[in-house]
Each structure stands twice: as structure tokens, then as C-alpha cells.
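>>> 3D, please:
(one chain, ligands or ions: 1)
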Amino acid sequence: MMEASPALRPGSPTFHRLSEGVKHVEISGKTLLIPEMAPFASHLLAACFRALGTNAVVMDTYKGLSLGREFTSGKECFPCQVTLGDILHHLQKEKEHWGTAFDPARYVYFLPEADGPCRFGMYNKLQRLVLDRFETFKEVPIVYISTQNGYSTEGLMPPEKASTLRRLSYVSVILADVMDRTVWRVRPYEWRTGMTDAFMEQALQAMAALIERVGAGLELHRLYALLEDIVATAASFIDPHQPRRPRIGIVGEIYLRSHPDSNQNIVRQLERFGGEVVDASIGEWVNFITFVRARKLQRQWKLAWRSRDHKLLRQIFRQWMANRIESIYQSWRQNQVYRLALKHLDIEPDHSVSALERRLEGGRLFNFDIGTEAALSIGGALEHVHHGFDGIVNVFPFTCMPSTICAAVLKPLLDQRKIPYLDAPYDGAIQPNREVALRTFVYQAGQHLASRRAGQTLRH
Ligand code: SF4
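Model (predicted):
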């Protein structure tokens, strides 16, 4: 067995930094630095923090990639390099701006984590070690929320505010999902090139400003009214004379599929070649965390029951109830927001995680107990197929473990069902054949759409 490096042995100063420098700290009065992932969701999340009195900013993204690469070995997952580059670039700019007045204690770096079994749980630890190599950045704490406790926001701010933040940020994520889906439904058919993007950029600013104003009071009806206006206006941009395109579903690793710079703008590329795209939502991931936590608590309950540990049983039951309430709240809010948007535009509705579990045929095709988001991507792809999509793209960081599993399972399954399928791994390099692969894929999806339509005509 490989010996741990002395610097990382429990009790060593470096090991100590992993718990001391990566923690749940009170963020009130600090500048919270958020790395950009899905643009709408990241900016609305920052607005939620601002609504509750924390000055949150979304950092410029992808500009520091060379720094991210310089301070990693090349074995890390690509999202880790990108986000490390973002924080180093941002802090460096701040330092240049403030000069001797630069105060690292003013900032808190926000980097959520998942409890594996892959490497996402280690990003913030590795980034701590890198920041510690800079005398001036050592004092910048990394704050995280974790899937271990269902992304609890306790400890980040006073309890009443933390609870508001939790509800507000969930609704904001769903608003962002709906805004994304509005763009994807409208942009391929717009009257004038660029009008959807220009309008949605303004819409994002307006939504963020409104969240800041009314978010603390949870005046959700005002956010909903603005969303309805946005969706109704965007719907009017569709040129009804343009024929419906083949629909392409994107699944895969959450960061890569949501971060346009890292995936080299795959949604726009697919649209450019003639597709209409629906990417998996961010809400899906949040619901997945709640879903997985319920399963974990059920397993713990069974173990506690076998050992007749009544104290533990009561504790697990309380946690299970809180998680159940969270789950009900999430599905209620999600349905509410989608219903409002669907009054104006036929965006793709989102699915529940239980629906994806059914698509996996009770664990016959894959099982949520295996962990990671592979089950989500496989189930999501099959759900898209069930809803008449004409092609599936699996977007992921090169060497990503769950996505490689997903590719191995999905490829033969979709082949059997004659659905075009494409793996799209990214590591920041420009692949010369990528464009040809995407173009060919969209052509195949178009053929699939044509044969589906011909089949429907024959049946009638
Ligand atoms: S999901 Fe993939 S990219 Fe993310 S940490 Fe795990 S292996 Fe790395």
C-alpha cells in the first residue's frame, strides 16, 4: 500500500489546513466568490446571497485556465483545473487592483462538493493546498456545501437567513433552468439572429436585480410574474414558418455539460448544425441529492433496526422526515414554475428522479445504489428517448469515471433502439474532428426525425 506523504498525515500542519481552511464559515460581511457553471443559475444564485446581505460575485471564467493547468499535475478532472484557474485569476486581479490594500480576509471562496466515490469531494482540498502556496491567498477560506447533508446552508449565515437562502436558491435554480429551456426552445427558430440572446441577457439582469430586491422576503409571486413576462416575450421571437428540428438531449457530467466555455459551446454548435437542444437541468442535480439522501437514510434505518438502536432510529427518522419535506417542497416549486412557463411556451418539462429510476427498469439497466451521476445520465437519456428525442449526446470531462460508465451502458442500449448517440469528452484541447463528428451526428438525428415522421404518417 502506498504510504501517505508525511505532509498529509493526520496531525500534520498541511492535513490540519484541509479541515481548517475548507469549512463551513459564517460568510456575512465577506465577498463570496462563486465560480461560474451554468451562467443563468450561477448569476441567480449570487443574487440570492446578495438578497440576504452577502456580497456575492460570479468570477470571470476560463480566463485563468493556464494558471489552473500550471498548478495541477494534469491528472485532475478538467472542472477542477477550470475552477482553480478562475479563483487564481480572480484573486490575482483583485491583488493588482487593491495593491497594498489587498485584504485576503475580505473574501470567501465558495466551492460545493459531493461525497464521491469520484474526485469531486477533493477539489476544494486540492485547491486549498494550491492557495496555501501563495502567501497572500493563504487567508482566503474555502467554504463548501456538501451532498453529505443535502447541501445544508447551516453555519453560513444566521439560521433564519440560512433557511430563506435554501428556499430562495432552490426556486432561483428552477427559474434559471426555465430561462435556459426558453433559450433552447426559441433560439433555433428566431426571426432575427441574436435577438434571443440579447433579450435573455437583459432578462437575466432583471431577474437577478428583482431577486436582490424581494428575495429576502421570499416574494416569489413577483419573481414568477417576471418569469412569465420573459417567457411570453421570448415566445414571440419564434418564426412559425420554420420547421421543427431534430431534438437532441444532452446528458453527462454536470459541470462540463453546463459550462459553455469548457464544452466549447456545444449547445450552440449543435444548433448551428441544425438541431434543437435540451441539456439536463441543474434542478435535476439538486433533486438527485435529496433523492440519494433519502435512500441513504433508508439503508441506515435498516441497519439501526437490526441492532435495535432506538436512539439512532429516532435520529434517522427525524432526518428522513426533514428530507421528505424538502423533497415535497422541491417538486411543488418545480412544478409550479414550469406550469407558469408552459402557459406561454412549449419548453421541455423536467422529469422527477423517480421517473428516471423507472426508466432504469427497477435497477435492471443500472442502479442508483451504485452512486455518482451515471444513473442520472443513463436514466435521463432513456427518458429523452421515451419523449421522442432524436439523438443523445453525453458531455463529460476526459477520463471522468461516472460518464465513462454511462457511455459504456448507453451506447449499446441506444444502438439497439436505433437512436443516434455521441460521446463528447473535453479537456480544453481543440479536437480537429469534433466539428465533423457533431455535424454528422445532427445529420443522423435529422434522419431519425424523418423516419419517425414517416412512421407516424404510415400508422395514420
Ligand atoms: S464526476 Fe467526473 S469530473 Fe467530476 S469529480 Fe467525478 S470523475 Fe471527476
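
>>> A helix includes D60, no?
No - in this structure, D60 is coil, not part of a helix, as judged by DSSP: H, G, I helix; E, B strand; the rest coil.

>>> any idea how far it lies from K93?
Separation of D60 from K93 (CB to CB, to the nearest Å) stands at 8 Å. C-beta here means a position set from N, CA and C on the backbone, and glycine is covered the same way.

>>> go on, P35?
P35 is 14 Å from K93, by CB to CB.

>>> now do V57
V57 sits at a distance of 11 Å from K93 (criterion: CB to CB).

>>> repeat for E361
With distances taken as CB to CB, E361 is found 51 Å from K93.

>>> for the nearest residue to P397 once chain neighbours are set aside, give me the pLDDT.
Among residues not flanking P397 along the chain, F78 sits closest, at 3.8 Å (CB to CB, 6 or more residues apart in numbering). F78 is assigned a predicted lDDT (pLDDT) of 96.

>>> could you do T372 as well?
T372 carries a pLDDT value of 84.

>>> neighbours of it, just the number please.
21 (other CB atoms under 10 Å).

>>> isn't it right up against P402?
Yes - applying CB atoms under 8 Å as the test, T372 and P402 come out as touching, 3.7 Å apart.

>>> who touches both of the two?
Residues touching both T372 and P402 (CB atoms under 8 Å, 6 or more residues apart in numbering) are C118.

>>> circling back to that earlier point, comparing E361 and K93, which shows the higher neighbour count?
Neighbour tally, E361 and K93, criterion other CB under 10 Å: the higher count belongs to K93, 14 against 11.

>>> got the buried residues for the host helix or strand of that one?
Using DSSP states H and E, K93 maps to helix 78-98. Buried residues in helix 78-98, defined by neighbour count with 16 or more other CB atoms under 10 Å: 78-91, 94-95.

>>> and which of those is nearest N394?
The shortest approach to N394 among these belongs to F78, at 14.9 Å (CB to CB).

>>> residue contacts, that closest one?
Residues near F78 by CB under 8 Å, 6+ apart: 256, 262, 397-398, 426-428.

>>> in ChimeraX, select just the buried ones from the residues you listed.
Remark: buried members of those, expressed as a ChimeraX selection using 16+ other CB under 10 Å:
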select :256,262,397,426,428
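
>>> okay, and which of the contacts of F78 map to strands?
For the contacts of F78, the ones inside strands are 397, 426, with DSSP state E as the criterion.

>>> now pLDDT and distance to the ligand too, for the contacts of F78, in a markdown table please.
A markdown table is the format used below for these (pLDDT from 0 to 100; distance: CB to the nearest ligand atom, whole Å):
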| residue | pLDDT | distance to the ligand |
| --- | --- | --- |
| L256 | 97 | 7 |
| S262 | 98 | 11 |
| P397 | 96 | 4 |
| F398 | 93 | 9 |
| Y426 | 96 | 10 |
| D427 | 95 | 10 |
| G428 | 94 | 13 |
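
>>> for the contacts of F78, give me TSV that also has distance to D197.
As requested, these are exported to TSV (distance: CB to CB, whole Å):
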residue	distance to D197
L256	21
S262	19
P397	26
F398	29
Y426	22
D427	27
G428	24
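
>>> which one of the contacts of F78 is nearest W191?
When these are compared for distance to W191 (CB to CB), S262 wins out at 30.7 Å.

>>> hang on, that closest one packs against L256?
Yes - taking CB under 8 Å as the definition, S262 is a contact partner of L256 at 5.4 Å.

>>> overlap in contacts of the two?
78-79, 397, 426.

>>> show me where the stretch 201-350 of the chain has helices.
220-235, 254-258, 266-272, 282-306, 310-342 (DSSP state H, counting those that start in this stretch).

>>> name the nearest residue to the residue of the stretch 351-460 of the chain found nearest the ligand, sequence neighbours excluded.
Residue of the stretch 351-460 of the chain nearest the ligand, by CB to the nearest ligand atom: C400 (3.1 Å). Spatial nearest neighbour of C400, excluding adjacent residues (CB to CB, 6+ apart): E253 at 5.1 Å.

>>> same check on A203?
Setting aside the residues directly before and after it, A203 is nearest to I230 in space (CB to CB, 6+ apart), at 4.4 Å.

>>> pLDDT at that neighbour, what is it?
Note for I230: predicted pLDDT of 98.

>>> check contacts around the residue of the stretch 101-250 of the chain found nearest the ligand.
When scored by CB to the nearest ligand atom, the stretch 101-250 of the chain has C118 as its residue closest to the ligand, at 2.8 Å. Neighbouring residues of C118 by CB under 8 Å, 6+ apart: 77, 372, 400-402.

>>> that's all I had, so thanks and see you.
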